[in-house]
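> return atomic coordinates for the entry below.
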Amino acid sequence: MESRYARINDEELAILRKRIGIEVPRQQPHIERISKDAIRHFVYGIGDTNPLWTDEEYARKSRYKTIIAPPCILYSTDLIASGNVGGLPGVHAMFAGTNWEWFLPVKLGDHIIGSSYLSRLEEKRSEFAGRTFLQGYETVFRNQAQEIVARAESFCIRSERDTAREKGKYKAITRQSYTDEQLKAIETDYDREEVRGAQPRYWEEVDCGDELTPIVKGPLTITDMLAWLMGWGGLFIRAHRRGLEYRLRHPAAALPDPYGIPDVPERVHWDNDFARQVGAPAAYDYGPQRISWLGQLMTNWMGDDGFLRKLEVEVRRFNIVGDTTWCRGKVINKYLQDGSPMVECQVWAENQRGETTAQGKALVLLPGKNKFE
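Numbers count the residues shown, from 1 in each chain. Now for the predicted structure:
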């Protein structure tokens, strides 16, 4: 087999293992200050219409008295939590999921700083790419008062591009075409979405087995990816001289296109040909993007008086350009935790082929009609 890209080798693995438990030097994120502009760009990038994020008059009537940010905006404040892993130069990194835990709302004006360390490096065997490694980081997000706003454990799969391409696990998948009737049906699903908003969803009114109102995303386009990037920021994307300087500092991140022009590996998200080089059937979405959709599913459902405590999601399959995703969920448990009314939900993302592309759980603190001891 012709080797075009870097291989996983024991020497680089040993270097990376020595970093476990050591704080990672902080990289400049897309945003630090939670401004109105930053919030608006992020919610436009995921298609979230909740007025609590952008309508100041509406938000003044909420318990926050001002607009706040959707919880997953924290992806925009830290590159490590978003999948910018280190080590194993030239070996592809595929975002695999995040375990989020929030302690405070992300408020307008907050100055968020993340600190991260490498927490694990575990060898896995994969039908997709043979020898692979699960690389995990833990990130703590603090605000300007040094309060811990959230913690995140994020994961990437490190795999050899050549091996994944040669195995061709997903090569039979082709881009979806749609009839006018199918597109109309998707538009109807958009119309069915519900933002609970100012109407409280009381804990006493929720039962195990209740289904969350789905939200739909797609059919996915490159434009959707651009909108996401405008709100989230990207990992390696820099233009012209800044791009050149980045490539000189990180030569393994400069991969030539068919015309010999170096470009970043992040182009798997908009370049079909390069995506196929890493074993994907076509250009595909970002993992944090899809997890943010599931975050929107939860904030739509819980209403302004709910608080998303946890969101733990595994990204399981590619969501390629042309795919449509329905984010779904159902209540699987409710209980009191130290007097706090909690609801646990199963959440997942499902495409038009009936495949589950992401799955996990969410934990929500809901208001109660009664006072619990």
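> distance check, the one residue sitting closest to the centre of the chain against residue 329.
Most central residue of the chain, judged by C-alpha distance to the mean C-alpha position with C-alpha atoms, centre = their mean, is residue 288 at 1.3 Å. Residue 288 is 18 Å from residue 329, where distance means C-beta to C-beta, to the nearest Å. From N, CA and C alone the C-beta is placed, and that goes for glycine too.
> next, the contact list for the residue nearest to the centre of the chain, please.
72, 75, 82, 83, 95, 98, 232 (C-beta atoms under 8 Å, 6 or more residues apart in numbering).
> can you verify it is assigned to a strand?
No. Read with DSSP: H, G, I helix; E, B strand; the rest coil, residue 288 is helix and lies in no strand.
> pLDDT at it, what is it?
Here the pLDDT value assigned to residue 288 is 98.
> flag the shaky bits of the stretch 51-200 of the chain, pLDDT-wise.
Residue ranges of the stretch 51-200 of the chain with pLDDT under 70: 126-130, 161-169.
> okay, helices next: where are they in it?
51-54, 56-60, 161-167, 180-192 (DSSP state H, counting those that start in this stretch).
> closest one to residue 22 among these?
For residue 22, the closest of these is helix 161-167, at 27.5 Å, according to C-beta to C-beta.
> just to revisit the earlier point, of the helices of the stretch 51-200 of the chain, which is nearest residue 247?
Closest among the helices of the stretch 51-200 of the chain, using C-beta to C-beta: helix 161-167, at 17.9 Å.
> what is the nearest of the contacts of residue 288 to residue 111?
Out of the contacts of residue 288, the member with the shortest distance to residue 111 (by C-beta to C-beta) is residue 75, at 16.5 Å.
> that closest one touches residue 292, doesn't it?
Yes. Using C-beta atoms under 8 Å, residue 75 is in contact with residue 292, at 6.7 Å.
> what's the closest non-adjacent residue to residue 257?
Sequence neighbours aside, residue 263 is the residue nearest to residue 257 in space, at 5.4 Å (criterion: C-beta to C-beta, 6 or more residues apart in numbering).
> who are the contact partners of the one you found?
So residue 263 contacts 254, 255, 256, 257, 271, 274 (C-beta under 8 Å, 6+ apart).
> do a quick rundown of the strands in the chain.
68-69, 92-102, 106-107, 113-126, 130-142, 148-159, 215-217, 255-256, 262-263, 307-315, 325-337, 340-351, 356-365 (DSSP state E).
> who are the packing partners of the second one?
Looking back up the chat, that one is strand 92-102. Helices and strands touching strand 92-102, by 3 or more C-beta pairs under 8 Å, 6 or more residues apart in numbering; DSSP states H and E, are strand 148-159, helix 287-302, strand 307-315.
> kindly report the same for the fifth one.
Counting by 3+ C-beta pairs under 8 Å, 6+ apart, the packing neighbours recorded for strand 130-142 are strand 113-126, strand 148-159, helix 161-167.
> list the buried residues of stretch 250-258.
253, 254, 255 (16 or more other C-beta atoms under 10 Å).
> dihedrals phi and psi, the second one?
When you say that, I think you mean residue 254. Main-chain dihedrals, residue 254, degrees, to the nearest 10: phi -110, psi 100.
> so it is in contact with residue 264, correct?
Yes. The criterion here is C-beta under 8 Å, and residue 254 meets it with residue 264 at 7.4 Å.
> re earlier: in CSV, list the contacts of residue 263 along with pLDDT and distance to residue 299.
Shown next, in CSV, are the contacts of residue 263 (pLDDT from 0 to 100; distance: C-beta to C-beta, whole Å):
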residue, pLDDT, distance to residue 299
254, 87, 39
255, 88, 37
256, 91, 42
257, 91, 39
271, 95, 32
274, 91, 34
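> which pair in these has the greatest spatial separation?
Farthest-apart pair in the contacts of residue 263 is 254 and 271; separation 14.4 Å (C-beta to C-beta).
> I'd say residue 267 and residue 274 touch.
Yes. Under the criterion of C-beta under 8 Å, residue 267 makes contact with residue 274 at 5.3 Å.
> looking at the two, which is more packed in?
Taking neighbours as other C-beta atoms under 10 Å, residue 267 and residue 274 compare with residue 274 leading, 21 against 17.
> ok, that one touching residue 266?
No. Using C-beta under 8 Å, residue 274 is not in contact with residue 266; the gap is 9.7 Å.
> and residue 140, how many neighbours?
Residues near residue 140, counting by other C-beta under 10 Å, number 16.
> meant to ask about residue 99, not that
Neighbour number of residue 99 under other C-beta under 10 Å is 18.
> okay, now the unreliable bits of the stretch 251-373 of the chain?
Along the stretch 251-373 of the chain, segments meeting pLDDT under 70 span 373.
> now with 90, please.
Within the stretch 251-373 of the chain, the stretches with pLDDT under 90 are 251-255, 265, 277-279, 369-373.
> enumerate every residue touching residue 65.
Counted by C-beta under 8 Å, 6+ apart, residue 65 has contacts residue 59.
> and if you look at residue 106?
34, 68, 69, 70, 71, 73, 74, 112, 149, 150.
> which of the residues you listed sits closest to residue 353?
residue 70 (28.2 Å).
> now the closest one: how far from residue 60?
From residue 70 over to residue 60 the distance is 18 Å, taken as C-beta to C-beta.
> same question for residue 103.
24 Å.
> kindly report the same for residue 345.
Taken as C-beta to C-beta, the spacing of residue 345 relative to residue 60 amounts to 29 Å.
> neighbour count for those two, which is higher?
A direct count of neighbours by other C-beta under 10 Å for residue 345 and residue 60 places residue 345 higher, at 26 against 11.
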